[in-house]
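J.: have a look at this fold, sequence not included:
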């Protein structure tokens, strides 16, 4: 293949990737700000500043776009977190930091966007069927991230498999109250309880 053609193809792919990311980011903003009902393709297209043809080239319909956006945000904002943190060697300190960081992810646009899709899917069988595989994939992303937060020294402990779902559902349930009752999540009384619970399961 001539070098010139390869360069042109690479440049086109880069432009395509930029457009896709722009649309995904815009979809999250619209979904969070206007909810599922207000996240129309027209609204997302306007927010992204791209042509309808370019948007439909990447995403054939609204629900496919919204689910791709949530998955994209989960991967870029959650999965990469463990590698970005300098974790302490002391297990108690690591548990404390991991809990704080894990809890902070429930106050990001990813969580709000996910809740919007969950609620909409309750009465929309088509959306529900399409959402389930995406949520399972995101669930694996979150599981890997949590394992990265705590590290192998803690996650190999025999009680970790039973701790994980308890911790996840407890944080998710508590975070859902923040959707209507905005307050400082860093002062939530559940933080100390979660840290104590993790230490009990993994260190005792």
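T.: Okay, I see it. Since the model is a prediction, treat every value here as computed from it, not as a measurement.

J.: measure residue 116 to residue 108 for me?
T.: Noted for residue 116: a distance of 14 Å to residue 108, by C-beta to C-beta, to the nearest Å. In short, each C-beta sits where N, CA and C put it, glycine included.

J.: more neighbours: the two, which one.
T.: Ranked by neighbour count (other C-beta atoms under 10 Å), residue 116 and residue 108 place residue 116 first, with 21 against 16.

J.: what's the nearest residue to residue 104 if we skip its chain neighbours?
T.: Leaving out its chain neighbours, the residue that sits closest to residue 104 by C-beta to C-beta, 6 or more residues apart in numbering is residue 185, at 7.2 Å.

J.: quick check, that neighbour in contact with residue 101.
T.: No - applying C-beta atoms under 8 Å as the test, residue 185 and residue 101 come out as separate, 11.9 Å apart.

J.: excluding its backbone neighbours, what's nearest residue 38?
T.: Nearest one to residue 38, counting by C-beta to C-beta, 6+ apart, is residue 30 at 7.0 Å.

J.: for that neighbour, helix, strand, or coil?
T.: helix (DSSP: H, G, I helix; E, B strand; the rest coil).

J.: tell me the contacts of it?
T.: With contact taken as C-beta atoms under 8 Å, 6 or more residues apart in numbering, residue 30 is in contact with 38, 39, 43, 44, 47.

J.: in stretch 178-186, what counts as buried?
T.: By 16 or more other C-beta atoms under 10 Å, the buried positions in stretch 178-186 come out as 178, 185.

J.: tell me the average confidence for that stretch?
T.: Stretch 178-186 carries an average pLDDT of 94.

J.: same question for stretch 92-111.
T.: Rounded mean pLDDT across stretch 92-111 is 94.

J.: buried residues in it?
T.: For stretch 92-111, a neighbour-count test (16+ other C-beta under 10 Å) marks 94-99, 101-103, 105-106, 108-111 as buried.

J.: do the same with stretch 30-49
T.: So for stretch 30-49, counting by 16+ other C-beta under 10 Å, buried means 30, 31, 32, 36, 39, 41, 43, 44, 45, 47, 48.

J.: over to stretch 112-125?
T.: Applying 16+ other C-beta under 10 Å to stretch 112-125 flags 112, 113, 114, 115, 116, 117, 120, 121 as buried.

J.: tell me the contacts of the residue nearest the centre of the chain?
T.: Most central in the chain under C-alpha atoms, centre = their mean is residue 74, positioned 2.6 Å from the mean C-alpha point. Residues near residue 74 by C-beta under 8 Å, 6+ apart: 110, 138, 141, 142.

J.: quick one, what contacts the closest residue in space to residue 163 that isn't next to it in sequence?
T.: Using C-beta to C-beta, 6+ apart and skipping residues adjacent in sequence, the residue nearest residue 163 is residue 201, 4.2 Å away. The neighbours of residue 201, taking C-beta under 8 Å, 6+ apart as the test, are 157, 159, 160, 162, 163.

J.: before we move on, what about residue 31?
T.: 39, 66, 69, 70, 112, 113, 116, 117.

J.: and the helix or strand hosting residue 127, what does it pack onto?
T.: Assigned by DSSP states H and E, residue 127 belongs to helix 125-150. Secondary-structure packing of helix 125-150 (3 or more C-beta pairs under 8 Å, 6 or more residues apart in numbering; DSSP states H and E): helix 62-74, helix 81-84, helix 91-104, helix 109-121, helix 160-176.
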